[in-house]
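*Asks:* Provided below are the primary sequence and the corresponding predicted coordinates.
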Amino acid sequence: MAYVTTKELLADAVSHRYAVGAFNCENLEMAMAIVAAGEACRAPLIIQTTPSTVNYASVGLFAAMVRELAENAKIPVALHLDHGSSYELCEAALDAGYSSVMIDGSKESLEDNIALTKRVVSLASEKGIPVEAELGTVGGKEDSTFSSGTAYTDPDDALRFVRETGCSSLAVGIGTAHGVYKGTPVLDTGRLSLIKDKLVSAGLELPLVLHGASGLSEKAIRECIARGIAKVNFATELRQAYTEGLKEYLLSDTDCFDPKKYGRAAMKKVQEAVIRRIEVCGDLA
Ligand SMILES: [Zn+2]
């Protein structure tokens, strides 16, 4: 159908109060399974890659693959750089044809995060590409960086940050973590409403993004969407589904040496996981 930017996908989500699922892909099979799930649900979606994933292959390879999938898909698809770790990596993704980038300056001071995000916004806007930024931090392991605690996003800082950077969407820290949860996470959903209200009353109703959603209950995700989240990221559970499908197949057919066979088994598991999460996000046509 179409290769689109996250700006148009998320604007619709904000006005109709649902969330677009953003699914991390590591390879061809995961990308194909994610698109197949979106088509089965007739839901637009975002495919995203982290810095370590594009370091494993390249931004050019992922851009070419996802663009080809998107142009032949029955749904709109965007390709997003998740947790862009530097200005240079965002630039490389933009040059390769990514239709959305994130610059993650959340580990910097507020001033440095603003300065870095502004530079990326200015670069991306030349190509009409939206930029996601992060304020406050999501705990746990994301790619090669680890943050032990969660810094909650301050609503006043959020307003200042959005005003000064001109970012298109904002990832907020409300108690979620990347990776596998030990115990049940306690989310500060009240804070999410405060951030949303602060922005809306200043005339800045931009999409808020929830990271670390793998392992959150459906109820928790739905509550976050009701309070203003318009993009939800799922990574860990898709890696788990892919690996589980692959292992199950290889254990059941130990003589197999055809990557297509275990690839299909892994894709089936990923597709099922993505469909479950699309249903929670509510972006059904
Ligand atoms: Zn994240």
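*Replies:* Okay, I see it.
*Asks:* Let me see the ranges of the helices in the stretch 1-150 of the chain.
*Replies:* Taking DSSP state H, counting those that start in this stretch, the helices of the stretch 1-150 of the chain run over residues 6-16, 28-41, 51-56, 59-71, 87-96, 110-126.
*Asks:* For the longest one, what is the distance to the chain centroid?
*Replies:* Here the centre of mass of C-alpha atoms in helix 110-126, compared against the chain's by Cα atoms, centre = their mean, to the nearest Å, lies 19 Å away.
*Asks:* ok and it relative to helix 87-96, angle-wise?
*Replies:* 20 degrees (axes from the mean of the first three to the mean of the last three Cα atoms, to 10 degrees).
*Asks:* List the contacts of helix 110-126.
*Replies:* Helix 110-126 has contacts (Cβ atoms under 8 Å, 6 or more residues apart in numbering) with 84, 87, 90-91, 94, 101, 103, 105-106, 108, 130-131, 133-135, 157, 160-161, 164-168. For the C-beta atoms, the positions are set from N, CA and C on the backbone; glycine is no exception.
*Asks:* what about 7 Å?
*Replies:* Residues from elsewhere that reach helix 110-126 (Cβ atoms under 7 Å, 6 or more residues apart in numbering): 87, 90-91, 94, 101, 103, 105-106, 108, 130-131, 133, 135, 157, 161, 164-167.
*Asks:* circling back: return the most buried member of the helices of the stretch 1-150 of the chain.
*Replies:* Highest mean neighbour count among these (mean count of other Cβ atoms under 10 Å): helix 28-41, with a mean of 22.
*Asks:* and it, what does it pack onto?
*Replies:* Applying 3 or more Cβ pairs under 7 Å, 6 or more residues apart in numbering; DSSP states H and E, one finds that helix 28-41 contacts strand 45-49, helix 59-71, helix 259-281.
*Asks:* Mind listing what's buried along stretch 151-161?
*Replies:* By neighbour count with 16 or more other Cβ atoms under 10 Å, stretch 151-161 contains the buried residues 152-155, 157-161.
*Asks:* out of those, who's nearest A177?
*Replies:* Y152 (12.5 Å; Cβ to Cβ).
*Asks:* What segments of the stretch 101-250 of the chain are strands?
*Replies:* 131-135, 139-142, 145-147, 169-172, 177-178, 208-210, 229-234 (DSSP state E, counting those that start in this stretch).
*Asks:* on that earlier part again, I'd like the helices and strands packed on helix 28-41 as a markdown table, with mean pLDDT and distance to S201 appended.
*Replies:* Shown next, in a markdown table, are those (pLDDT from 0 to 100; distance: least, Cβ to Cβ, whole Å):
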| stretch | mean pLDDT | distance to S201 |
| --- | --- | --- |
| strand 45-49 | 98 | 28 |
| helix 59-71 | 98 | 36 |
| helix 259-281 | 97 | 26 |
